[in-house]
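Novice: what shape does this take:
(chains A and B)
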Amino acid sequence: MLSIKNLHASIEGTPILRGINLEVKAGEVHAIMGPNGSGKSTLASVLAGREEYEVTKGEVIFQGKELLELSPEDRAREGVFLAFQYPIEIPGVSTTNFLRTALNQVREYRGLEPLDAVKFLSLMKEKMALVEIDQKLLSRSLNEGFSGGEKKRNEIFQMAMLEPTLSILDETDSGLDIDALRIVSNGVNKLKSEKTATIVVTHYQRLLDYIVPDFVHVLYKGRIVKSGTKELALELEEKGYDWIKEEVDSTATV
Amino acid sequence: MSTLTQQEFVLGFFESATATYASLRQLGKESFYAQGLPALKAEEYKFTPIAKKLETSLTDFSPAKPVKISAEQVKSAVFADFEGAVLVFSNGQYLPELSTFVEYIAVRSLSENETTPLGSIAKADKDPFIALNQATFSDGIHISLEKTQEVETPILLLQFHQAQGGQVISPRIWIEAGDFSKATFIDYHISLDDTPYFVNKVVEIKGGINTDLTYHSLQQEHNQVIEVSNLVTDIQKDSQFTSTQITLSGDMVRNNLTINILGSNSVGNMYGIYLLNGKTHVDNHTQVDHTIPHAESNELYKGILADQSRGVFNGKIFVRQIAQKTNAFQQNNNILLSEDAIINTKPQLEIWADDVKCSHGCTVGQLDEEAQFYLQARGIDKTTAKGLLLYAFAGEVLDKIEVDSLRNHIVAKIQKRLGSKF
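Specialist: Sure thing, here's the model as predicted:
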């Protein structure tokens, strides 16, 4: 589904990603872990099309298409979803109004009829239950005054509405208490299918107790330096990242 | 004094004025000569070189005669789903035959009965354009509301403007509202073609005690129009007055809004949106004078400026020494969409009382790129994303407009301008 080859990206001339290679197949869950500043969020942002990052080398093929050639909105319409680490507050735009605009543009792109108000509302009700989100929250301005947990639940709710093929969760666990973490993870798990894939970007292993990965990759200094199964995440939790840093840094200097 | 006032065509302008209200006109003329048109560096018109604009753009400094208006023109100009009375004007002249007859308000032309105390609210010595209007207005309207008359549907003042030779149109509106009355007015200017002209409008509103008056003003004339508008009102005790000023186009537009709060327990609201593109220049000067204790004023103006447009906002709040327990809030927020757009914004508070709550703030920024990316990342195209954000920005002011048909009309105009539906 997703094939990242030798991806290099920089921001304002500073290289952040220095050759990422990653293959993600339908039905898989990949966890990207790594110490702060290793480039985890940059990878998520580059895939979603954030303009500040300049891709200097490499390619990303998503379902046969050159992902990096597409505008952010077309990536979303093709089925890429980024759950933001810091969801943006937008005063004056209600979640409902915003999502209806988004969903209908996505549907139009996919050659589907726009949803009328009634169908949209019933779809919303169905998806709201998944993440246990209150309708009152959705009629308010997008994320404005939401708690950290409410914002993250809103991200997963949007994901449920847009039904992406590839979901990228950028530090979705940060700032969540244990209940919110359970609700958010449940939502993600219910949305998983054999046709979709998930990339979970996280600093801690905690989230992976709930969203169990098939593969775990460790990102350090802009490269994937170690890949393994979920046991690798447990090892990282126990030992921290220092041993990996040392391993990488010593081979680099040799 | 600007050179314009010395030129002969201004003299001609005074001579060609109507003969009604002779002594009032004479006073206006004297007051105009005493003040002159604002000089280039005059503090009150610092960023708006209106005299220069008039000198270079106006070819014929004489009153524009009323032009013929058809019932069809009226019909197509009224907002969809509008419910309420429509009063029609041609170059400032009230046209009763095209207007709705309403029993709940008394309406007459100013010339019909020369007893209207013009100039008692909008004083000629306060602004040269008030003086100029007082000296030269052709005719205008006198609207009065009886005591306790509550008009639930809005009253639309439909002002058609056209001047073949770049002349001056001087609308003059007098509204007086008896105690405990309530009404909403919509002042809507429409250009009949795209020839240039100068509108110099004066609106005086005299409110009784415990009145609730709203005055919406919508400016969407063509881009060769120069306009100066003065709206002055006195607010008596237990009353509320609300003004909304929506400006979407024009060449150079200057709006002076003056609210004199003369009675306690009253509220003055000043709201505005200016959505500008091209080379449109819009200057909103507002002034609220708190002369008594226990009153409130709220002000919120929002500007969106594209291309080489220019905006000016100046908000004066006076709180006199006696006016304790005043609450006065002011805010002006601007989004610049281009590197060539300019905004000059200035809060100006003079507070002499020591037990008051006053706040002011102005912001100038660009469209939030993070927010735009967030919307795009959900599949919304860039133009729509931008439109949604700008609409949300202006929404706070649009929400203050309680007349649905007017708000829908403005929303449609804004959507069209921003190139997106949402």
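
Novice: all contacts plus neighbour counts: C-alpha atoms, from now on.
Specialist: Fine.

Novice: what about the residue positioned nearest the centre of chain A, which SS state?
Specialist: Among the residues of chain A, residue A:168 comes closest to the average C-alpha position under C-alpha atoms, centre = their mean, at 1.9 Å. Judged by DSSP: H, G, I helix; E, B strand; the rest coil, the three-state class of residue A:168 is strand.

Novice: contacts only, for it.
Specialist: A:44, A:80, A:81, A:82, A:83, A:198, A:199, A:200, A:201 (C-alpha atoms under 8 Å, 6 or more residues apart in numbering or on different chains).

Novice: where do the helices sit along chain A?
Specialist: A:40-48, A:72-78, A:95-109, A:117-131, A:135-139, A:148-162, A:178-191, A:230-239, A:242-253 (DSSP state H).

Novice: just put the ones you listed in CSV and tack on mean pLDDT and distance to chain B.
Specialist: Output for the helices of chain A, formatted as CSV (pLDDT from 0 to 100; distance: least, C-alpha to the nearest C-alpha, whole Å):
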stretch, mean pLDDT, distance to chain B
helix A:40-48, 94, 7
helix A:72-78, 96, 4
helix A:95-109, 93, 5
helix A:117-131, 91, 14
helix A:135-139, 86, 14
helix A:148-162, 92, 8
helix A:178-191, 88, 17
helix A:230-239, 87, 29
helix A:242-253, 79, 33
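
Novice: so which of those helices comes closest to residue B:251?
Specialist: helix A:95-109 (34.9 Å; C-alpha to C-alpha).

Novice: got the angle for that closest one vs helix A:148-162?
Specialist: 30 degrees (axes from the mean of the first three to the mean of the last three C-alpha atoms, to 10 degrees).

Novice: any buried residues in helix A:95-109, and which?
Specialist: Using 16 or more other C-alpha atoms under 10 Å in any protein chain shown as the test for burial, helix A:95-109 gives A:95-107.

Novice: check stretch A:159-170 too.
Specialist: A:159, A:160, A:161, A:162, A:163, A:164, A:165, A:166, A:167, A:168, A:169, A:170.

Novice: the residue of the stretch 51-200 of chain B found nearest chain A: what's it in contact with?
Specialist: Closest approach between the stretch 51-200 of chain B and chain A, counting by C-alpha to the nearest C-alpha: residue B:81, at 22.5 Å. For residue B:81, the contact set (C-alpha under 8 Å, 6+ apart) comprises residue B:405.

Novice: against residue A:100, how distant is it?
Specialist: With distances taken as C-alpha to C-alpha, to the nearest Å, residue B:81 is found 26 Å from residue A:100.

Novice: related to what we said a few turns ago, include distance to residue B:42 when you put the contacts of residue A:168 into a markdown table, please.
Specialist: Formatted as a markdown table, these follow (distance: C-alpha to C-alpha, whole Å):
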| residue | distance to residue B:42 |
| --- | --- |
| A:44 | 56 |
| A:80 | 58 |
| A:81 | 56 |
| A:82 | 55 |
| A:83 | 55 |
| A:198 | 65 |
| A:199 | 63 |
| A:200 | 63 |
| A:201 | 61 |
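
Novice: now for these: which two are most distant?
Specialist: A:80 and A:201 (14.7 Å).

Novice: which residues of chain B score low on pLDDT?
Specialist: Residue ranges of chain B with pLDDT under 70: B:1-10, B:420-422.

Novice: what does it have sitting close to chain A?
Specialist: B:370-371, B:373-382, B:388-389, B:392-393, B:395-396, B:422 (C-alpha under 8 Å from any C-alpha of the partner chain).

Novice: any of the residues you listed buried? List them.
Specialist: Buried, going by 16+ other C-alpha under 10 Å: B:371, B:373-382, B:388-389, B:392-393, B:395-396, out of the residues of chain B next to chain A.

Novice: any idea which helix or strand comes after the helix or strand containing residue B:30?
Specialist: Assigning secondary structure by DSSP states H and E places residue B:30 in helix B:22-35. Going down the chain from helix B:22-35, the next helix or strand is helix B:50-57, by DSSP H and E.

Novice: what's in contact with that following helix?
Specialist: By C-alpha under 8 Å, 6+ apart, helix B:50-57 touches B:2, B:4, B:37, B:38, B:39, B:40, B:166, B:196, B:198, B:226, B:252.

Novice: how about stretch A:35-44?
Specialist: A:16-17, A:32-34, A:53, A:82, A:168, A:170-171, A:201-203, A:219-222, A:241.

Novice: just these: which are in strands?
Specialist: A:16, A:17, A:32, A:33, A:53, A:82, A:168, A:170, A:201, A:219, A:220 (DSSP state E).

Novice: do you know how far the closest residue to the last one other than its chain neighbours is from residue A:246?
Specialist: Right, residue A:220. Nearest residue to residue A:220, sequence neighbours excluded (C-alpha to C-alpha, 6 or more residues apart in numbering or on different chains): residue A:38, at 4.6 Å. Noted for residue A:38: a distance of 14 Å to residue A:246, by C-alpha to C-alpha.
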